[in-house]
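J.: dropping the sequence and predicted coords here.
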Amino acid sequence: MKLLLTSGGVTNPSIHAALVQLLGKPISECHALCVPTAQWGHPMCGPASVRRFVAADRHFSGLGWASLGVLELTALPSIGARRWVPWVQEADVLLVGGGDATYLCHWMRESGLADLLPSLPDLVWVGVSAGSMVMTPRIGAYFVEWPSAPDDRTMGVVDFAIFPHLDAFPTNTLADAERWAADIGGPAYAIDEQTAIKVVGNSVEVVSEGRWTVFGTTSGDQ
């Protein structure tokens, strides 16, 4: 699976070009599924923010996809894999929204999506905020909002952590990121809304027209 891990979506030409490169064809020829699940685990999200993410996000769902659907992970166990697995297999890209990454991680496993993803090497995963953080080993207690989260561990698909929304909020300064990184204790990036991390196999590339910093040693950096 190919990853484009963002803080705020496809916000500039450099990130847009990286997305098209990962897709291997124009966005207008690609079929996308939006995954809003992480929002249900975050107290600041709800029906209105889910609607904005699915229907009105110009940096994500509104990029001009050939088709756009919704994949709600909490529903999948009740309908059976025979029905939903083909939807994912036929998609070019999953657009995975923000919210709480531990909640999203839980439902990726409960739904069976986590087990399916390794069999889809051409699928592109585009994350925003928690939709990116869920692919890391840990998110840090700083970002856990779901009360039922057992800890801050997530999928561990990549070997680095992500601090999103650098400078976007008063509590997301570089000093906050430094304290967070000290708790994480491993390789990590702090990225702003104009930055993404592109991952293909063992290759890790920062794509940015904004501000970012790296903490620790990241083995795949270019």
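T.: Perfect, I can see it now. Residues are numbered from 1 along each chain as shown.
J.: just the strands in the chain please.
T.: 2-6, 31-35, 67-70, 93-96, 124-128, 161-163, 188-191, 195-200, 203-208, 212-215 (DSSP state E).
J.: looking at those, which is closest to P13?
T.: strand 203-208 (10.2 Å; C-beta to C-beta). For the C-beta atoms, the positions are set from N, CA and C on the backbone; glycine is no exception.
J.: so which elements touch that closest one?
T.: helix 13-23, strand 188-191, strand 195-200 (3 or more C-beta pairs under 8 Å, 6 or more residues apart in numbering; DSSP states H and E).
J.: for the ones you listed, which one ends up most surrounded?
T.: The highest mean neighbour count among the helices and strands packed on strand 203-208, using mean count of other C-beta atoms under 10 Å, belongs to strand 188-191: a mean of 26.
J.: from M1, how far off is the residue of the chain most remote from its centre?
T.: Computed with C-alpha atoms, centre = their mean, the residue of the chain farthest from its C-alpha average is R82, at 25.4 Å. Per C-beta to C-beta, to the nearest Å, R82 is found 22 Å from M1.
J.: about what we covered before: for the strands of the chain, give me a markdown table that also has distance to A18 and mean pLDDT.
T.: Shown next, in a markdown table, are the strands of the chain (distance: least, C-beta to C-beta, whole Å; pLDDT from 0 to 100):
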| stretch | distance to A18 | mean pLDDT |
| --- | --- | --- |
| strand 2-6 | 6 | 98 |
| strand 31-35 | 16 | 97 |
| strand 67-70 | 20 | 96 |
| strand 93-96 | 13 | 98 |
| strand 124-128 | 10 | 98 |
| strand 161-163 | 16 | 98 |
| strand 188-191 | 13 | 98 |
| strand 195-200 | 5 | 98 |
| strand 203-208 | 5 | 97 |
| strand 212-215 | 14 | 96 |
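J.: picking up where we left off before, can I get the helices and strands packed on strand 203-208 in a markdown table including distance to G99?
T.: Below are the helices and strands packed on strand 203-208 laid out as a markdown table (distance: least, C-beta to C-beta, whole Å):
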| stretch | distance to G99 |
| --- | --- |
| helix 13-23 | 21 |
| strand 188-191 | 17 |
| strand 195-200 | 18 |
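J.: which of the ones you listed sits closest to E209?
T.: helix 13-23 (5.2 Å).
J.: if anything else comes up later, I'll come back, but that's it for now.
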